[in-house]
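Student: structure of the sequence below:
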Amino acid sequence: MSLRSKFTLSIIAFTAIFSLFLFKHWEPLLIDLERTAIIDGEKHALSSLESSITQALLAGDLDGIHQTLNHQMKAHHYDWDKLTLLDSEGHQLFLSVSSDIDSSNSIELEQPIRWENNIIGKLLVTVDLNPELSTIKDHITHLNNSLLVLLLAIIGAIFFILERLFRRPLIILQQAISDIEKGNLENKLPELNRNDEIGNLTRAFNRMQNSLMHSQKALENSLQNATESKTRYKSVIDNIIDGIIIIDEQGLILSCNLKALEIFGYQEGEIINHKINMLMPSNDSKAHDDYMNNYQSTGAARIIGIGRELKGQRKDGSTFPIDLGVNEIKVKGESQFVGIIRDIAERKKIEQSLISSREQAEAASKAKSEFLAMMSHELRTPLNGVIGMAQLMRDGKLDDEQAEYLDIINDSSHSLLTIIDDILDLTKMESGFLKIKPEVFNLEELVDAVQTLLSPQAKEKALALSVQLTSKCPPLLIGDAGRIRQVLLNLLGNAIKFTEQGSVTLDLKCELIKEGAAMLTMAISDTGIGISDEDQKRLFQLFTQIDSSATRKYNGTGLGLAISKQLINQMGGDISLQSTPDKGSTFCVTLTLPLADEPDNAV
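Tutor: Numbering: from 1, shown residues only. Purely as a prediction, here's the structure:
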């Protein structure tokens, strides 16, 4: 079918569809829109009467109502057929009827009369839509006729334009393209001085011809650029600090960079197309072949994508450690394997040196700990003798001055013994010899014993030392009673030491957290000097005290709290602190212990 026939059929079809739409949909739509607009106008006119009618009803002015409604009826004599006013009980207060009522195209509108949200009346009007609609239909008919005439004129103009602007140029283009199809690439399409699709099509064909003429030159330039890119790529690969070797599925070396040749001591021609096994010790060569066969048959990768340390073999036969990472790539559907190789011989020497240094340091630390432990034991023996002799002398006949001297010797000896015990515990912790020994013990008896031991110190300073049980604790628990006693003695002893007046309290609470276990919370509170936020950060460090001045009032090594925290941590618990300077401190020990079922074993 020719373009002219296609244009003609398209125009006829478009005209028919447009006419059908115009008479089937357009005209009814316009009439409906105009009908809606008329009704909205009548509603507005009716609602405008509400205010005046409301005032007249409230005032009981029936004459005013009749006068107003008769005036409205006359103003709308051409479209209002009937106007009625009813009061709130439905009684008719006004009625006006047109002489010629035609109900074929009329509607009834209603307007409530309200006063303070109450309906006090109702206006009813019957509107005849025929006059307005008749006029509108006449206008629409004239408009439709004008549109059809205009459409026919436009269609004729379009047909003429299509014939002149498209069909004739396309015939010329068709002939020129036929010449190009026959191989006559020298003849260009005629230039049409137009800025539309036909002109663009002509210029596009001419550009295509120029592109074909320059394609060969562009291809040559591309090949040259590819060669330059390959050279740059090889230069980058050759200057990487790691060796790179590419092999195929049979283990043949396809390519390598200069660093790989340097690592293994070969020239490029000596390894290309040779088996990769030549770069491995003999005992690893067969393992590599077995691995490659297994990977190709099962797909199970043990090196690819993971990396590992292996042995490499140089050209001179010497072996050295390498770090090897392997990845698989696909080239034209075939697998190739890229190996990244790094000589780690120097790194291994450094690592071995570090291991040796660490072992020496550990040996020195162990020797130090063993020496301190031995010295602690050696010091305890004569010190216990001094304490024993002082006690024997205290039982004899002494004057007051001699008794005072013996008390000083006894107190100093016990202080020194405490320091030696702390150092002994510290050395055990550092050497890993301090062990937690769980046993069945009675918690209340343990706390009573601690209170009994510390009561004289508290009494000497006129402090109130008390123990509070805020919840009933199980009678028997399993734990290292000696270490728990040591921690309580340390914390309560510190509380008494740093409190000049007031009280020291041990608040004990147990909570069953799961079957067969309880969480023990021991809060040691005092009204002493307190601890600042800055000092709290270093309080649990070894050999640290909050008062480091040369004339500090309180004695101690700074080991007690650090050892207590490590003991509680080793038993699976924790120690926390809340303190305010000059208002006191609270150390809270939390520890989870199993419940005991054998009361006979309690200690």
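Student: L506 belongs to a strand?
Tutor: Yes - assessed by DSSP: H, G, I helix; E, B strand; the rest coil, L506 belongs to a strand.
Student: 4 is where my numbering starts, stick with that
Tutor: Renumbered: residue one is now 4, and that last one reads L509.
Student: pretty sure it contacts L472?
Tutor: No - applying CB atoms under 8 Å as the test, L509 and L472 come out as separate, 9.5 Å apart. Quick note: C-beta positions are derived from backbone N, CA and C, even for glycine.
Student: which of these two has more neighbours?
Tutor: L509 (22 against 14; other CB atoms under 10 Å).
Student: per-residue confidence at that one?
Tutor: Note on L509: pLDDT of 93.
Student: and the residue lying closest to it once chain neighbours are set aside, what helix or strand is that in?
Tutor: Sequence neighbours aside, V470 is the residue nearest to L509 in space, at 4.7 Å (criterion: CB to CB, 6 or more residues apart in numbering). Using DSSP states H and E, the element containing V470 is strand 467-472.
Student: kindly export that strand (C-alpha atoms) in CSV.
Tutor: Taking C-alpha atoms only, strand 467-472 is exported to CSV below (Å, rounded to 0.1, in the frame of the first residue of the first chain):
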residue,chain,number,x,y,z
ALA,A,467,29.7,1.6,113.8
LEU,A,468,30.4,-1.7,111.9
SER,A,469,27.2,-3.5,110.9
VAL,A,470,26.1,-6.2,108.6
GLN,A,471,22.6,-6.0,106.9
LEU,A,472,20.8,-8.9,105.2
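Student: partner strands of that strand and their direction?
Tutor: strand 506-517 (parallel) (DSSP bridges).
Student: please save the CA atoms from the strand it pairs with in PDB.
Tutor: The C-alpha trace of strand 506-517 is given here as PDB (Å, rounded to 0.1, in the frame of the first residue of the first chain):
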ATOM      1  CA  SER A 506      29.700   4.000 110.100                       C
ATOM      2  CA  VAL A 507      30.800   1.100 107.900                       C
ATOM      3  CA  THR A 508      28.100  -1.200 106.600                       C
ATOM      4  CA  LEU A 509      28.100  -4.500 104.700                       C
ATOM      5  CA  ASP A 510      24.800  -4.900 102.800                       C
ATOM      6  CA  LEU A 511      24.400  -8.500 101.800                       C
ATOM      7  CA  LYS A 512      21.800  -9.600  99.200                       C
ATOM      8  CA  CYS A 513      21.200 -12.900  97.400                       C
ATOM      9  CA  GLU A 514      19.100 -13.500  94.300                       C
ATOM     10  CA  LEU A 515      18.200 -16.800  92.700                       C
ATOM     11  CA  ILE A 516      18.900 -16.200  89.000                       C
ATOM     12  CA  LYS A 517      18.600 -19.800  87.800                       C
END
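Student: need the contact partners of that strand.
Tutor: By CB atoms under 8 Å, 6 or more residues apart in numbering, the list of residues contacting strand 506-517 from outside reads 446, 450, 453-454, 461, 466-477, 491, 495, 498-499, 521-530, 595.
Student: distance of N260 from E349?
Tutor: 20 Å (CB to CB, to the nearest Å).
Student: pull out the buried positions in stretch 322-330.
Tutor: Using 16 or more other CB atoms under 10 Å as the test for burial, stretch 322-330 gives P324, I325, D326, L327, G328, V329.
Student: pLDDT added to these, as TSV?
Tutor: Shown next, in TSV, are these (pLDDT from 0 to 100):
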residue	pLDDT
P324	90
I325	88
D326	87
L327	86
G328	85
V329	86
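Student: could you dump those to CSV with secondary structure and distance to K440?
Tutor: As requested, these are exported to CSV (DSSP: H, G, I helix; E, B strand; the rest coil; distance: CB to CB, whole Å):
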residue, secondary structure, distance to K440
P324, strand, 47
I325, strand, 51
D326, strand, 47
L327, strand, 50
G328, strand, 50
V329, strand, 53
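Student: just these now: which is nearest A366?
Tutor: Ranked by distance to A366 (CB to CB), these are led by P324 at 26.7 Å.
Student: the closest one is in contact with K352, isn't it?
Tutor: No - taking contacts as CB under 8 Å, P324 lies outside contact range of K352: 9.9 Å.
Student: thinking G485 is in contact with P441, fair?
Tutor: No - if you go by CB under 8 Å, G485 and P441 don't touch, sitting 10.9 Å apart.
Student: what's the domain layout of the chain?
Tutor: With domains defined by automatic domain parsing, the chain comprises 242-346, 352-437, 439-604.
Student: which one of these has the most crowded surroundings?
Tutor: Comparing those on average neighbours per residue, with mean count of other CB atoms under 10 Å, the densest one is domain 439-604 at a mean of 16.
Student: who's in contact with the residue nearest to L509?
Tutor: V450, D451, Q454, T508, L509, L511.
Student: ok, so of those, who is nearest F543?
Tutor: When the contacts of V470 are compared against F543 (criterion: CB to CB), the nearest one is L509, at 19.7 Å.
Student: which pair in the buried residues of stretch 322-330 spans the largest distance?
Tutor: Pairwise distances across these (CB to CB) peak at 16.4 Å, for the pair P324 and V329.
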